[in-house]
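A.B. asks: have a look; sequence and predicted model below, questions after that.
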Amino acid sequence: AHVEFARHAPACGIESLLVAFGFSRPDPLTWSAAVGTLAPSVKFLVAVRSGIVSPTYFVQQVNTVSALTGGRVCVNVVAGRAPDEQRFYGDFLSHDERYARTDEFWTVCHALWRSEGPVTFAGRYYQVENAVLRTPFGPGRPEIYLGGSSDQAVGLAVKHADCMFTL
C-alpha cells in the first residue's frame, strides 16, 4: 500500500512525503530507501532525532538513500517529542539539553557534507575523530527542515536548516 501511495503521489500534486520517526513506525531511512527504489519520482522527507544514531552514521545513511533514489531525500530535524517516547529510546535529556545535542549533531553532519577533509569534533554530546565518508550525497547536502516553536528551535533552524515548520 505504501509503494502504491508513493507511486501515485506525484499524480496528485504531491512532491514529497514526510516519513515520520517513532516507536510505532518503520525506520524512516530504511523505508525511504526501499520505497524510493520502487517509486521513481516522489521525494522523501525523512525525520531524524539526534541521540538515536551518531551523526557520521546518519550522514552515511542519508548519502546511501540519496545514491539509491537519485537524490530524492531531504531531512526533518526532530529534537524530541513526548518524554515517554524519548525514554523509550533511552533519551533522558531535558528539552534544552536535547537542543544543545542536536546543534552538535548538525555541526558534524554539515562538516561531513562539506567534505573538507577528515572531520574531527569534540563536544559535550558527540566526539568524532578523522571521519571521512566515501559515499557522497551529490552536490551539496540534503534540504534540512526543522520543526518547533521554542527559542532553541528558532536558533537551531537559523543555524542549520533551510526551512522551519512552526505552529
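C.D. replies: Here it is on my side, so go on. As the structure is a computational prediction, the values presented were derived from the model and not from experiment. Numbering: from 1, shown residues only.

A.B. asks: host element of the closest residue in space to residue 127 that isn't next to it in sequence?
C.D. replies: Using Cβ to Cβ, 6 or more residues apart in numbering and skipping the chain neighbours, the partner closest in space to residue 127 is residue 121 (6.9 Å). No exception for glycine: its C-beta is placed from N, CA and C like everyone else's. Using DSSP states H and E, residue 121 falls within strand 119-122.

A.B. asks: that strand packs against which elements?
C.D. replies: Where contact means 3 or more Cβ pairs under 8 Å, 6 or more residues apart in numbering; DSSP states H and E, strand 119-122 is packed against helix 95-114, strand 127-131.

A.B. asks: for residue 70, which of those is the nearest?
C.D. replies: Closest to residue 70 of the helices and strands packed on strand 119-122 is helix 95-114 (Cβ to Cβ; 17.4 Å).

A.B. asks: any idea how far the helix or strand of the chain with the lowest mean pLDDT is from the chain center?
C.D. replies: Using mean pLDDT, DSSP states H and E, the weakest-scoring helix or strand in the chain turns out to be helix 83-88, at a mean of 79. Centre-to-centre, helix 83-88 and its host chain are 19 Å apart (Cα atoms, centre = their mean, to the nearest Å).

A.B. asks: ok, now which ones touch residue 9?
C.D. replies: By Cβ atoms under 8 Å, 6 or more residues apart in numbering, residue 9 lies in contact with 15, 17, 39, 42.

A.B. asks: most neighbours out of those, which is it?
C.D. replies: Neighbour counts for the contacts of residue 9, by other Cβ atoms under 10 Å, peak at residue 39, which reaches 23 neighbours.

A.B. asks: nearest spatial neighbour of it, skipping sequence neighbours?
C.D. replies: In space, residue 39 is closest to residue 6, 3.5 Å off (Cβ to Cβ, 6+ apart).

A.B. asks: which secondary structure elements does the helix or strand containing that neighbour sit against?
C.D. replies: In this structure, residue 6 sits in helix 2-8 according to DSSP H and E. Under the contact definition 3+ Cβ pairs under 8 Å, 6+ apart, helix 2-8 sits against helix 28-38.

A.B. asks: what's in contact with the helix it packs on?
C.D. replies: So helix 28-38 is contacted by 2-3, 6-7, 19-21, 42, 44, 46-48, 61-62, 64-65, 68-69, 72-73 (Cβ under 8 Å, 6+ apart).

A.B. asks: pLDDT of that helix, averaged?
C.D. replies: Regarding helix 28-38, the rounded mean pLDDT is 95.
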